[in-house]
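[1] attaching a predicted model along with its sequence, questions to come.
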Amino acid sequence: MPKVLVIQAISDEAMTMFADRPDITVEVLRDTSPAAMIAAIADADAITIRDAPLPPEAIDAASRLRIVSRHGVGYDNIPVAHCTARGIPVTVIGPVNTVAVAEHALFLMLAVAKRGAQFDRAVRAGDFAIRSRHTTMELKGRTLSLIGFGRIGQELAQRARGLGMAIAAYDPAGDRAAFPDVTFHDSLEEALAVGDVVSLHIPLTPATEGLIGRAALARMPAGSILLNTARGGIVDEAALIEAIDQGHLRGAGLDVFAREPLPPGDPLLVRETIVLSPHNAALSAESLIGMGRATVANVLAALDGRLDRSLVVNPAVLAPDRERMSARP
């Protein structure tokens, strides 16, 4: 009987999908230490995992593994190359958390533009006079520049239009004909230069690590805002702090960081014009249910030999014979 190892708990609604399959067994692993994962994965046919780093040694220990099902759309915590070498598909959930992340990016944009966190702290401290010391920024007529124009970028663009913002984008794979009201730019530098608000919606890869550094930030207009709900490593945080301290940027809204959780004393914590959230953009109640269900659906599809190729991040393992994966011992 196939065994599914659920690394980190998922929603009850998702677990119900497993309960409806008496032909499989399920084990939930809450201890995400490498040793615990290596021990538990040895006899697993499938695993689900959220944000815990999956060590390559765990993949080596799994003699029966047929799928790694990621509870999310990012997969930088998964040793994909290692999985590919073993012929193991790695899947993501698709568009399930799109709305949650887009809404959160909108929240961060408004919070920075309107100094939401700064004013909240001041009022609670009895400093009502702050209203005379700082002004807010109107977004109508401003340009939102989206670095990456996939599902989340498109959802955010739709909401920003409601605020009267113009939309620019940089995405070499973007379908320009499908979005005639979006100004697409041929280079990152051009897109940064027009953005009163720049929002990042790209994966963390060797090519994008540190992409938004000192030079990129300098290209942004004076008084602009940077938003990051993608991955922390994309932004050079020291360069961002420098740009804000020098007054070049108005502020930033960050949901993700190079180190998570942020360590005590991190300089990001004391910058009042940086609005922070704990990497929870995708974690609305509705999204968590949807992500869990999609994660389980990928596991069941793999076990049943009917994986959706579009959700496999290393599709080379499916070629040339798709049936090969379902026939793994």
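    Here it is on my side, so go on. Values in this document were obtained by computation on a predicted structure and should not be read as measured data.

[2] give me the nearest residue to the residue nearest in space to the middle of the chain, chain neighbours excluded.
    With distances taken as CA atoms, centre = their mean, the residue of the chain nearest its centroid is Ala230 (4.2 Å). Of all residues not flanking Ala230 in the chain, Leu200 sits nearest, at 4.6 Å (CB to CB, 6 or more residues apart in numbering). Quick note: C-beta positions are derived from backbone N, CA and C, even for glycine.

[3] and Phe18, by the same measure?
    Val26 (4.8 Å).

[4] now do the contacts for the residue nearest to the centre of the chain.
    Going by CB atoms under 8 Å, 6 or more residues apart in numbering, Ala230 touches 74, 148, 200-204, 256.

[5] and it, that's in a helix?
    No - counting by DSSP: H, G, I helix; E, B strand; the rest coil, Ala230 is located in no helix; its state is coil.

[6] so what pLDDT did it get?
    Ala230 is assigned 97 on the pLDDT scale.

[7] take the contacts of Ala230 and lay them out in CSV including neighbour count.
    CSV is the format used below for these (neighbours: other CB atoms under 10 Å):
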residue, neighbour count
Gly74, 16
Gly148, 20
Leu200, 23
His201, 24
Ile202, 22
Pro203, 16
Leu204, 19
Val256, 21
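
[8] of these, which pair is most distant in space?
    Distance extremes for the contacts of Ala230: the farthest pair is Gly148 and Val256 at 13.7 Å, using CB to CB.

[9] stretch 173-184 - what's its average pLDDT?
    Per-residue pLDDT over stretch 173-184 has a mean of 96.

[10] in it, what counts as buried?
    Going by neighbour count (16 or more other CB atoms under 10 Å), the buried part of stretch 173-184 is 174, 182-184.

[11] also stretch 257-271?
    Buried residues in stretch 257-271, counted by 16+ other CB under 10 Å: 257-258, 262, 266, 268, 271.

[12] which one of the residues you listed is nearest Arg133?
    Nearest to Arg133 out of those is Arg271 (CB to CB; 16.8 Å).

[13] quick check: the closest one touching Glu242?
    No - with contact defined as CB atoms under 8 Å, Arg271 does not reach Glu242; the gap is 10.9 Å.

[14] for Gly126, which residues are in contact?
    Counting by CB under 8 Å, 6+ apart, Gly126 makes contact with nothing.

[15] follow-up on the earlier one: and the residue nearest to the centre of the chain, how close does it get to Val101?
    Ala230 sits 9 Å away from Val101, taking CB to CB, to the nearest Å as the criterion.

[16] just Arg133 next, same as before
    Going from Arg133 to Val101 by CB to CB gives 33 Å.

[17] repeat for Ala85
    From Ala85 to Val101 the distance is 31 Å (CB to CB).

[18] those two: who's more crowded?
    Shown here are Ala85 and Val101; by other CB atoms under 10 Å, Val101 has more neighbours (24 against 13).

[19] ok so the more buried one is a helix residue?
    Yes - remark: Val101 belongs to a helix, assigned using three-state DSSP.

[20] so of the buried residues of stretch 173-184, which ones are in strands?
    Among those, the residues falling in strands (DSSP state E) are 182-184.

[21] rewinding a little: how about a markdown table for the buried residues of stretch 257-271, with pLDDT and distance to Leu106 added?
    Formatted as a markdown table, these follow (pLDDT from 0 to 100; distance: CB to CB, whole Å):
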| residue | pLDDT | distance to Leu106 |
| --- | --- | --- |
| Phe257 | 98 | 20 |
| Ala258 | 96 | 24 |
| Leu262 | 97 | 23 |
| Asp266 | 98 | 25 |
| Leu268 | 98 | 21 |
| Arg271 | 96 | 21 |
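
[22] which one among the residues you listed gets closest to Thr208?
    Nearest to Thr208 out of the buried residues of stretch 257-271 is Ala258 (CB to CB; 12.9 Å).

[23] list the contacts of Ser284.
    When contacts are counted by CB under 8 Å, 6+ apart, Ser284 touches 97, 99-100, 103.

[24] what do you get if the cut-off is 6 Å, keeping everything else the same?
    Ala100 (CB atoms under 6 Å, 6 or more residues apart in numbering).

[25] what is the neighbour count of Thr229?
    If you count neighbours by other CB under 10 Å, Thr229 ends up with 26.

[26] look up phi and psi at it.
    phi -120, psi 20 (degrees, to the nearest 10).

[27] likewise for Gly251?
    Dihedral angles (degrees, to the nearest 10) for Gly251: phi 170, psi -170.

[28] next one: it, what pLDDT does it get?
    Looking at Gly251, the pLDDT reads 98.

[29] check the one 3 residues further on too.
    On pLDDT, Leu254 comes in at 98.

[30] look up how far Ile167 lies from the residue nearest to it when sequence neighbours are not counted.
    Among residues not flanking Leu254 along the chain, Asn228 sits closest, at 5.2 Å (CB to CB, 6+ apart). Separation of Asn228 from Ile167 (CB to CB): 18 Å.
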